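1. Need coordinates for the below:
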Amino acid sequence: MRASTFKVIATAVFAVVTAIPTASAADLAARPYTKAPPALVEVYNWTGFYIGGNVGYSWGRSRDTSTLTNTAGTVLFTSIDRSDLNGVVGGGQIGHNWQVQNWVWGLEADIQGTDEHGSRAFTCPTAICTPSAIILVAPGPAVPVSLNQKLEWFGTVRGRAGVLVTPKVLLYATGGLAYGEVKSTETVGVLTGFSNSDIRVGYTVGAGVEGVIGGNWTAKLEYLYVDLGKVSSSFLTTAPAFGGGVLTSNFSSRITDNVLRAGINYRFGGPVVAKY
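-> Predicted coordinates:
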């Protein structure tokens, strides 16, 4: 009787112990699926003030009309020609950008020193501008004229509008006000000459590309067309003029410029914005 009871109890205990792991596994909830976090993406923020410098080269032009007249205002000779005003340019810029999604708007001002200069020369032929030394016998001598011009400096105040082709590369167009100083030096004959400086105001248009090179630093390549309008002046010489009085030299030159320059900017503000 006792052996039979012991056998029943042992069989029941074994059954319970064997069933515990199976029940425990069935009672456990399934592990929830967790999606991997998206990759971290760095997005550069173009908004903010910036300051920088630039250097480049300029292909300038002076399209000039010069005349020689007598005291009565009679035009004795006219010369129309152009000269190149080429040279190195360099300076600094300051501006502010506003980024709206993939668009960047901005304002920029710059000031440039230049080595742009050029010259042209012409001659009023014999017997045209000056009276003869011996009346009715010898013709009046030829009169050589040389005009030297230099763009001392120029500056611009421009708007910028661009689109981000990537988060760190900006293509933009630009345009606005241009101003600068043109120095003109003219010599008539061999002994008489004068010098004149004129500050002119005009316009500029252009385009460029700018990209992030690290942190808050960007580099750019930019082209500008600059038109400073016309500079003009008159010079009363001491040479006698054909038709009476003395010879007067007059010039009117339209100054334009093609500028290609590379620059670097530092933007003030926070670092690159991290987005998921």
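2. check contacts around the nearest residue to Thr218 once chain neighbours are set aside.
-> Excluding its sequence neighbours, the residue lying closest to Thr218 (Cβ to Cβ, 6 or more residues apart in numbering) is Asn265, at 4.8 Å. Every residue, glycine included, has its C-beta placed from N, CA and C. Residues in contact with Asn265 (Cβ atoms under 8 Å, 6 or more residues apart in numbering) are 50-52, 93, 95, 210, 217-220.
3. switch to 10 Å and redo it
-> 50-54, 93-95, 97, 108, 210, 213, 216-220 (Cβ atoms under 10 Å, 6 or more residues apart in numbering).
4. Pull out the buried members of the residues you listed.
-> 50, 52, 54, 93, 95, 97, 108, 210, 216, 218, 220 (16 or more other Cβ atoms under 10 Å).
5. Closest one of those to Phe251?
-> Asn54 (31.7 Å; Cβ to Cβ).
6. what about the closest one, which helix or strand?
-> strand 48-69 (DSSP states H and E).
7. Kindly report the same for Gly140.
-> Assigned by DSSP H and E, Gly140 belongs to neither a helix nor a strand.
8. Ok, Pro131 next?
-> Here Pro131 is assigned to no helix or strand, by DSSP H and E.
9. what residues are up against it?
-> Pro131 makes contact with 70, 138-141, 239-244 under the criterion Cβ under 10 Å, 6+ apart.
10. swap in Gly106?
-> Per Cβ under 10 Å, 6+ apart, neighbours of Gly106: 46-47, 50, 95-99, 158-162, 170, 172, 174.
11. Could I have the buried ones of those as ChimeraX selection syntax?
-> The ChimeraX selection below is limited to those of the contacts of Gly106 classed as buried (16+ other Cβ under 10 Å):
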select :46,50,95,97,99,158,160,162,170,172,174
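12. can you tell me which strand in the chain is longest?
-> Using DSSP state E to define each element, the chain has its longest strand at strand 75-100.
13. Could I get the average pLDDT for that one?
-> Averaging pLDDT along strand 75-100 gives 97.
14. Whichever helix or strand comes after it - which strands sit beside it in the sheet, and in what orientation?
-> Remark: after strand 75-100, the chain's next helix or strand is strand 103-124, criterion DSSP H and E. Under the criterion DSSP bridges, strand 103-124 sits next to strand 75-100 (antiparallel), strand 143-166 (antiparallel) in its sheet.
15. List the buried residues of strand 103-124.
-> By neighbour count with 16+ other Cβ under 10 Å, strand 103-124 contains the buried residues 104-106, 108, 110, 112, 114, 116-118, 120, 122, 124.
16. Can you check what angle separates that strand from strand 48-69?
-> Here the directions of strand 103-124 and strand 48-69 differ by 20 degrees (axes from the mean of the first three to the mean of the last three Cα atoms, to 10 degrees).
17. picking that back up, for Thr256, state which of the buried residues of strand 103-124 is nearest.
-> Nearest to Thr256 among the buried residues of strand 103-124, with distances taken as Cβ to Cβ, is Glu116, at 11.2 Å.
18. Show me the shaky parts of this protein.
-> Within the chain, the ranges that satisfy pLDDT under 70 run 1-42, 133-138, 191-192, 270-276.
19. what about the nearest residue to Arg200 once chain neighbours are set aside, how many neighbours?
-> Excluding its sequence neighbours, the residue lying closest to Arg200 (Cβ to Cβ, 6+ apart) is Leu228, at 4.3 Å. The number of residues packed near Leu228 is 25, by other Cβ atoms under 10 Å.
20. hey, what's Gly106 bridged with?
-> Beta-bridge pairing of Gly106 under DSSP bridges involves Asn97, Arg160.
21. Distance-wise, check it relative to Thr187.
-> Distance, Gly106 to Thr187, by Cβ to Cβ, to the nearest Å: 45 Å.
22. sorry, back to before: in TSV, list the buried residues of strand 103-124 along with distance to Val88.
-> Formatted as TSV, those follow (distance: Cβ to Cβ, whole Å):
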residue	distance to Val88
Val104	29
Trp105	31
Gly106	26
Glu108	21
Asp110	15
Gln112	10
Thr114	7
Glu116	8
His117	11
Gly118	14
Arg120	21
Phe122	28
Cys124	35
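23. and of those residues, the nearest to Lys183?
-> His117 (8.8 Å).
24. how much space between that closest one and Ile255?
-> 12 Å.
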